[in-house]
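S.K.: dropping a prediction and its sequence here:
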Amino acid sequence: MDRRKFLKSLAVAGVATTLDFSFLGKVLATGQTQVQKTADLVAVMGGEPGAMLDRMLAEFGGIGKFVSRGDTVVLKPNIGWDKAPEMAANTNPQLVAAMVRACLGAGAGEVLVFDHTCENWTRCYETSGIKKAVEAAGGKMLPGNDESYYVEQALPRGSKLKSAKIHKALVDCDVWFNMPVLKTHGGAKLTMAMKNYMGIVWDRVAFHNTDLQQCIADVATFGKRPALHIVDAYRVMKDNGPQGKSLEDVALAKGLFASPDPVAVDTAAGRFFNQIRTLDLSTVTHIAKAEALKVGTTNLDALNIRRVRM
């Protein structure tokens with residue numbers, strides 16, 4: 001590695017050491033003494049993707065709380081872009097592979113992984129490293145590139161989006177997990193849990209042509225909710241999302257957030273993003289719109305939050 005590349009790698013990697021780790025108290029502050037035994041939201045900082053996932057699942061009571069023997073499990077990471085893992089345009093492949101192993105370890109019959117990609121799906125699956133990681137862990141990749149894979153589903157609680165064609169794998173599975181990466185996005189401002197739902201539907205153009213932020217909130221009302229929303233903040237794309245232009249757009253933050261509540265986890269992940277780069281969260285309007293549709297809550301003070309530093 002030449003000196004210029006070495007200095008650039010230090011600049012990117014150094015972000016994780018300069019973040020204020022007390023965010024676990026500040027960003028997710030609560031003025032109450034929590035007495036609930038079951039976590040509503042778990043935040044883990046400072047470890048490698050697989051280790052953080054294992055610790056997160058343990059805080060929720062173990063993967064067996066969500067996956068039963070023989071279950072068909074679907075994982076929905078972000079695999080939308082033909083970008084290498086270092087660019088943080090897609091979910092970390094180590095994290096996805098660790099989740100495959102955890103589900104199979106709980107006795108799942110099969111673990112299926114897909115995304116409706118923005119670029120050529122075979123290149124996205126390969127370049128992201130997710131296909132190789134998933135298959136090595138014992139999972140199976142599914143395509144999402146043809147309308148025949150999707151079935152119409154009603155969204156009666158939606159404001160502007162009343163139905164959508166959703167991938168059959170989600171409709172038919174026993175349990176699914178939403179696994180987005182935390183990054184900037186031109187229209188939605190941030191990609192987090194609810195924005196990642198755009199990869200489960202066939203017609204994304206309708207979102208952009210109608211009201212992107214409202215449609216994101218609307219599709220989050222889909223009745224078959226994920227067991228957990230797991231937001232990958234190991235590498236965070238802080239600029240030029242959703243694809244990024246160079247490694248200078250990426251911060252090594254070593255974070256992980258998870259909750260069954262997509263509004264809560266997006267609120268927490270959004271506040272964490274502000275530790276890296278200031279962003280007015282009021283502009284991420286799908287969060288408030290989803291709360292208005294009773295998808296979840298932004299009131300983190302009301303939740304039992306587990307904060308872990310590894």
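M.R.: That came through fine.
S.K.: list the contacts for the most centrally placed residue in the chain?
M.R.: Residue closest to the average C-alpha location in the chain (C-alpha atoms, centre = their mean): Pro180, at 2.1 Å. Contacts for Pro180 (C-beta atoms under 8 Å, 6 or more residues apart in numbering) come out as Pro77, Asn78, Thr91, Thr191, Met192, Ala193, Lys195, Asn196, His229, Ile230, Val231, Asp232. Just so you know, the C-beta spots here come from the backbone N, C-alpha and C atoms, and that holds for glycine as well.
S.K.: which of these fall in strands?
M.R.: Pro77, Thr191, His229, Ile230, Val231, Asp232 (DSSP state E).
S.K.: how near is the second one to Tyr125?
M.R.: Counting by C-beta to C-beta, to the nearest Å, the gap between Thr191 and Tyr125 amounts to 18 Å.
S.K.: again, but for Lys195
M.R.: For Lys195, the distance to Tyr125 equals 20 Å [C-beta to C-beta].
S.K.: in this protein, which spans are helices?
M.R.: 3-13, 15-18, 23-26, 49-59, 93-105, 121-127, 130-137, 168-172, 205-210, 212-219, 262-276, 286-292 (DSSP state H).
S.K.: among those helices, which is nearest Lys254?
M.R.: helix 15-18 (4.7 Å; C-beta to C-beta).
S.K.: and the pLDDT for Ala292?
M.R.: What the model reports for Ala292 is a pLDDT of 98.
S.K.: same question for Asp2.
M.R.: Confidence score, pLDDT, at Asp2: 41.
S.K.: ok, now Ala302?
M.R.: pLDDT, Ala302: 94.
S.K.: again, but for the one 5 residues further on
M.R.: pLDDT recorded at Arg307 is 95.
S.K.: mind listing the residues bridging to it?
M.R.: With DSSP bridges as the criterion, Arg307 is bridged to Ala43.
S.K.: so it versus Leu75, what's the distance?
M.R.: On the measure of C-beta to C-beta, Arg307 and Leu75 end up 25 Å apart.
S.K.: these two - which one has more neighbours?
M.R.: Using other C-beta atoms under 10 Å, the more surrounded residue of Arg307 and Leu75 is Leu75, with 27 against 18.
S.K.: ok, that one - contacts?
M.R.: Contacts of Leu75 by C-beta under 8 Å, 6+ apart are Val96, Met99, Val100, Cys103, Val111, Leu112, Val113, Gly139, Trp176, Phe177, Met179.
S.K.: show me the contacts for His229.
M.R.: His229 sits in contact with Phe177, Asn178, Pro180, Ala193, Ala258, Ser259, Pro260, Asp261, Pro262, Val265, Asp266, where contact means C-beta under 8 Å, 6+ apart.
S.K.: now the residues you listed: which count as buried?
M.R.: Taking 16 or more other C-beta atoms under 10 Å as the criterion, what is buried in the contacts of His229 is Phe177, Asn178, Pro180, Ala193, Ala258, Ser259, Pro260, Asp261, Pro262, Val265, Asp266.
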